[in-house]
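In: coords please:
(chains A and B)
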Amino acid sequence: NAGVTQTPKFRVLKTGQSMTLLCAQDMNHEYMYWYRQDPGMGLRLIHYSVGEGTTAKGEVPDGYNVSRLKKQNFLLGLESAAPSQTSVYFCASSYSTGGPPDTQYFGPGTRLTVL
Amino acid sequence: LAKTTQPISMDSYEGQEVNITCSHNNIATNDYITWYQQFPSQGPRFIIQGYKTKVTNEVASLFIPADRKSSTLSLPRVSLSDTAVYYCLVAPNQAGTALIFGKGTTLSVSS
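Out: The predicted model follows:
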């Protein structure tokens, strides 16, 4: 199992450009999440999905859109990138055991710089 | 979700036991306490989770007093490779709950 993979690993954008970050998981997990992490900060939830075809907003959703067309993929889109979106983006996935909270499995991250 | 408070940073030496305490005064009845570890340039990794009393696994122990308003992550005999950020989270036992990560505790282990 590859676990959670993220594409690309690094990207530099100019202000106003658009891009899509891809997250893929091969663990058949129901739930997927997108976080951002800024220097000296913890992770902040952008959007998440509780199943194929569903998405929900997290703490900091503005400026981002997401789609979950396939169970194994969760896409994060930036329509018009801004310097404030310079960050490291982490994707995670989890499944429910029906008991304690899910364990989230994280990808390696995408480092995005917006000039 | 209950808010958590933990020290910003801690320093230790190799071979010592490290205890990181987390405060969660507003924890709800169906909340669990979970700890994640994050190494530089990597995503967080689950360490341990508990509801009450004590939980132990191959990596750490988690102590939770009866009132559950705090918890302590214990790392026995740390090594340089335990240098990381440790996050304390509180979350209910319902499927697909998004976790709230704070700034965590940066543990620095020296030789």
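In: if you look at stretch A:43-51, does any of it touch chain B?
Out: Yes - judged by CB under 8 Å from any CB of the partner chain, stretch A:43-51 and chain B are in contact via A:43-45, A:48, A:50. Where you see a C-beta, it was placed from the backbone N, CA and C, and this is true even at glycine.
In: Ranking by neighbours, what's the top pick from those residues?
Out: Highest neighbour count within the residues of stretch A:43-51 next to chain B: residue A:43, with 27 neighbours (other CB atoms under 10 Å in any protein chain shown).
In: Which parts of chain B are strands?
Out: B:9-13, B:18-23, B:31-38, B:45-50, B:53-56, B:61-64, B:70-75, B:84-92, B:105-110 (DSSP state E).
In: Can you name the residues bridging to residue A:91?
Out: On the basis of DSSP bridges, residue A:91 is bridged to residue A:34.
In: so how many other residues sit close to the closest residue to chain B within chain A?
Out: Chain B sits closest to residue A:106 of chain A, with a gap of 2.8 Å, by CB to the nearest CB. Per other CB under 10 Å, the neighbour tally for residue A:106 reads 23.
In: Equivalent analysis for the one 4 residues further on, please.
Out: Using other CB under 10 Å, the number of residues around residue A:110 comes to 22.
In: Is it in contact with residue A:87, as I believe?
Out: No - here residue A:110 lies out of contact with residue A:87, judged by CB atoms under 8 Å, at a distance of 9.1 Å.
In: If we ignore the residues flanking it in sequence, what's nearest the closest residue to chain A within chain B?
Out: Residue nearest to chain A within chain B (CB to the nearest CB): residue B:43, separated by 2.8 Å. Once flanking residues are discounted, residue B:43 sits nearest to residue A:106: 2.8 Å by CB to CB, 6 or more residues apart in numbering or on different chains.
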